[in-house]
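J.: I would like the atomic coordinates for the input below:
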Amino acid sequence: MVLGALVVVAGLGLLVGGVSQQMTWLGVLGFLAMFGGVLVAMSRGRSTQEQGGGAAPAPRPTTAASRSSFMTRLDERWDRRRENGR
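T.: Model (predicted):
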């Protein structure tokens with residue numbers, strides 16, 4: 001992720017330099033460098049999460065029974081709210 005951030009900063013410098021010197025090709029090169037840096041930063045983060053280095057917990061498997069009970073609870077809550085509101 002640090003490498004991607006450094007490439008983005010370098011690309012931003014190229015972009016600003018290209019605009020200030022009125023060199024369109026340098027500005028385009030800076031933009032492409034920034035885009036590449038973002039891609040590198042995002043791909044590095046995704047690969048560490050796939051290897052188990054990420055902080056995100058593994059998703060729980062959802063079954064038809066758990067979805068059914070969830071919907072049943074929601075229906076019961078909705079019915080109670082409607083009855084108490086009258």
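J.: in this protein, which helix has the most residues?
T.: When every helix of the chain is counted residue by residue (DSSP state H), the longest turns out to be helix 24-50.
J.: show the subsequent helix or strand relative to it.
T.: Where DSSP states H and E defines the elements, the next helix or strand beyond helix 24-50 is helix 64-85.
J.: now do residue 71: how many residues are near it, please.
T.: Neighbourhood size, residue 71 [other CB atoms under 10 Å]: 10. From N, CA and C alone the C-beta is placed, and that goes for glycine too.
J.: how much space separates it from residue 26?
T.: For residue 71, the distance to residue 26 (CB to CB, to the nearest Å) stands at 58 Å.
J.: what of residue 76?
T.: Residue 76 sits 64 Å away from residue 26, going by CB to CB.
J.: which one's more surrounded, these two?
T.: Between residue 76 and residue 26, counted using other CB under 10 Å, the more crowded position is residue 26 (17 against 10).
J.: just the pLDDT at the more buried one, thanks.
T.: The predicted local distance difference test score for residue 26 is 90.
J.: okay, and the nearest residue to it once chain neighbours are set aside sits in which element?
T.: In this structure, residue 26 finds its nearest non-sequential neighbour in residue 18, 3.2 Å apart by CB to CB, 6 or more residues apart in numbering. Following DSSP H and E, the helix or strand that holds residue 18 is helix 2-20.
J.: low-confidence stretches in this protein?
T.: When the per-residue scores of the chain are filtered using pLDDT under 70, the ranges that remain are 44-67, 86.
J.: how much space between the residue lying closest to residue 15 once chain neighbours are set aside and residue 20?
T.: Nearest residue to residue 15 in three dimensions, chain neighbours excluded: residue 30, at 3.2 Å (CB to CB, 6+ apart). Residue 30 sits 11 Å away from residue 20, going by CB to CB.
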